[in-house]
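S.K.: Provided below are the primary sequence and the corresponding predicted coordinates.
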Number of protein chains: 2
Amino acid sequence: MIRVSILYPNNPGARFDVSYYVETHMPMSIKLLSAHPGFREVSVERGLGGALPGSAPQYLAMCHFLFTTVDDFMSAFMPNAELLQGDISNYTDIDPVIQFNEVLLVQ
Amino acid sequence: MIRVSILYPNNPGARFDVSYYVETHMPMSIKLLSAHPGFREVSVERGLGGALPGSAPQYLAMCHFLFTTVDDFMSAFMPNAELLQGDISNYTDIDPVIQFNEVLLVQ
């Protein structure tokens, strides 16, 4: 199983419309990507804070897609890449960190 | 529900013993923290790569703890903080990014 993590850095002065992200962008993204048989789960999150009490979070928001394989994710994403990437500017000017992970252990 | 994400940056020349992390540190951590009734799930992951094919991942490893509330996590973690934090130097010299997140949507 793999996880694709999309992390939005908490840059000073960055624009990020959480409502649009959660109510419009992510539902569209989930509808398109979850149709693939390799889709397992998605989680959408808002950063609350860092390790030290009162500290700012490193990331304003995170999204994690679980898929069976990287190839599954790519074949789900690529046909929708233009639509989904074209929607990003509607909620943020942040360039997200995107990372593919191998899930070693879930419990 | 909240997620505590512990992210190990892929610093040049960093030391990270994946075997020790996955076979010793995380099992100890999970045994101690999952005993709390607020524990929901944990996922341990290894970075495969970034968004561009062949690019390095931003993080060498990630660990995500799902708990019902931040207070639940803190009351599970604090009695074990010294033991768990004292074990970090056994597998890495990386200072991890730690972040608390509110889970807005899981599907």
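M.R.: Nice, I can see it.

S.K.: Name the residues of chain A found near chain B, please.
M.R.: By CB under 8 Å from any CB of the partner chain, the residues of chain A that approach chain B are A:2-3, A:5, A:7, A:22, A:26, A:30, A:34, A:41-51, A:57-59, A:62, A:64, A:70, A:97-107. Any C-beta I mention is one placed from the backbone N, CA and C, and that applies to glycine too.

S.K.: So which of these belong to helices?
M.R.: Counting by DSSP state H, the residues of chain A next to chain B place A:26, A:30, A:70 in helices.

S.K.: got these as TSV, with distance to residue A:85, neighbour count and pLDDT columns?
M.R.: TSV is the format used below for those (distance: CB to CB, whole Å; neighbours: other CB atoms under 10 Å in any protein chain shown; pLDDT from 0 to 100):
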residue	distance to residue A:85	neighbour count	pLDDT
A:26	14	19	97
A:30	16	17	97
A:70	18	16	96
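
S.K.: Just name the closest of those to residue A:88, please.
M.R.: If you rank those by distance to residue A:88 using CB to CB, residue A:26 comes first, at 11.6 Å.

S.K.: Can you give me the distance of that closest one to residue A:52?
M.R.: Per CB to CB, to the nearest Å, residue A:26 is found 29 Å from residue A:52.

S.K.: so what pLDDT did residue A:72 get?
M.R.: Listed pLDDT for residue A:72 reads 98.

S.K.: I misspoke; the intended subject was residue A:97.
M.R.: We have a pLDDT of 97 for residue A:97.

S.K.: List the contacts of the spatially closest residue to residue A:47 that is not a sequence neighbour.
M.R.: Leaving out its chain neighbours, the residue that sits closest to residue A:47 by CB to CB, 6 or more residues apart in numbering or on different chains is residue A:57, at 3.0 Å. By CB atoms under 8 Å, 6 or more residues apart in numbering or on different chains, the residues touching residue A:57 are A:10, A:47-50, B:99-101.

S.K.: Check residue A:84 too.
M.R.: By CB under 8 Å, 6+ apart, the contact list for residue A:84 reads A:25, A:28-29, A:32, A:77.

S.K.: Can you lay out these as a markdown table showing neighbour count and pLDDT?
M.R.: Shown next, in a markdown table, are these (neighbours: other CB atoms under 10 Å in any protein chain shown; pLDDT from 0 to 100):
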| residue | neighbour count | pLDDT |
| --- | --- | --- |
| A:25 | 19 | 98 |
| A:28 | 13 | 97 |
| A:29 | 21 | 97 |
| A:32 | 15 | 97 |
| A:77 | 18 | 97 |
